[in-house]
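**Q** here is my input, please return the structure:
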Amino acid sequence: MRISIKLFAMARDICGRETVDLVVNEHARIGDVRNVLIRQIPAFSTLLRSSCFAVNAQFVDDEFPLREGDEVACIPPVSGG
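**A** Numbering: from 1, shown residues only. Here you go, the predicted structure:
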């Protein structure tokens with residue numbers, strides 16, 4: 001299945017784009033997406049390990065199963081003052 005991941009903040013800056021498209025198996029989970037991204041974009045790996053994911057506007061863990069058409073977002077840690 002095809003998954004499009006929306007990127008925000010530093011994730012978008014590191015990857016140089018707003019979305020990343022992946023092809024994953026039909027039983028993929030968020031952890032699988034995280035691992036594929038680490039392999040495909042090594043410069044993103046350190047930030048990706050501490051980033052959160054949301055599916056359909058809900059924060060999820062690495063065990064969350066994906067379905068065709070899900071809206072996936074990668075949200076890196078942020079700090080503020």
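**Q** run through who's touching the longest helix seen in the chain.
**A** Taking DSSP state H as the criterion, the chain has its longest helix at helix 30-40. Under the criterion CB atoms under 8 Å, 6 or more residues apart in numbering, residues 3, 5, 20, 22, 24-25, 44-45, 48-49, 53, 55, 60-64, 66, 72, 74 lie in contact with helix 30-40. Placement of C-beta: from N, CA and C, glycine included.
**Q** list the buried ones in the helix or strand just after it?
**A** Using DSSP states H and E, the helix or strand that directly follows helix 30-40 along the chain is helix 45-49. Neighbour counts over helix 45-49 (16 or more other CB atoms under 10 Å) mark 47, 48 as buried.
**Q** and the helix or strand just after helix 45-49, how far from the chain's centre?
**A** Scanning forward in sequence from helix 45-49 by DSSP H and E, the next helix or strand is strand 52-55. With CA atoms, centre = their mean, to the nearest Å as the basis, strand 52-55 stands 7 Å off its chain's centre.
**Q** again with stretch 20-29
**A** 11 Å.
**Q** what do you get for stretch 24-37?
**A** That offset, for stretch 24-37, works out to 9 Å (CA atoms, centre = their mean).
**Q** just the element for residue 5, please.
**A** Per DSSP H and E: strand 2-7 holds residue 5.
**Q** hmm, who's touching the helix or strand following that strand?
**A** With elements assigned by DSSP H and E, the helix or strand that comes after strand 2-7 is helix 9-15. With contact meaning CB under 8 Å, 6+ apart, helix 9-15 is reached by 7, 18, 41, 43, 44, 47, 48, 51, 74, 75, 76, 78.
**Q** neighbour-wise, which of those leads?
**A** residue 74 (25 neighbours; other CB atoms under 10 Å).
**Q** ok but it is inside a strand, no?
**A** Yes: the assignment for residue 74 (DSSP: H, G, I helix; E, B strand; the rest coil) places it in a strand.
**Q** pretty sure it is touching residue 50, no?
**A** No: between residue 74 and residue 50 there is no contact under CB atoms under 8 Å: 11.1 Å.
**Q** for residue 7, which residues are in contact?
**A** 15, 17, 18, 19, 20, 73, 74.
**Q** Produce a PyMOL select command limited to the buried residues of those.
**A** The PyMOL selection below is limited to those of these classed as buried (16+ other CB under 10 Å):
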select buried, resi 15+20+73+74
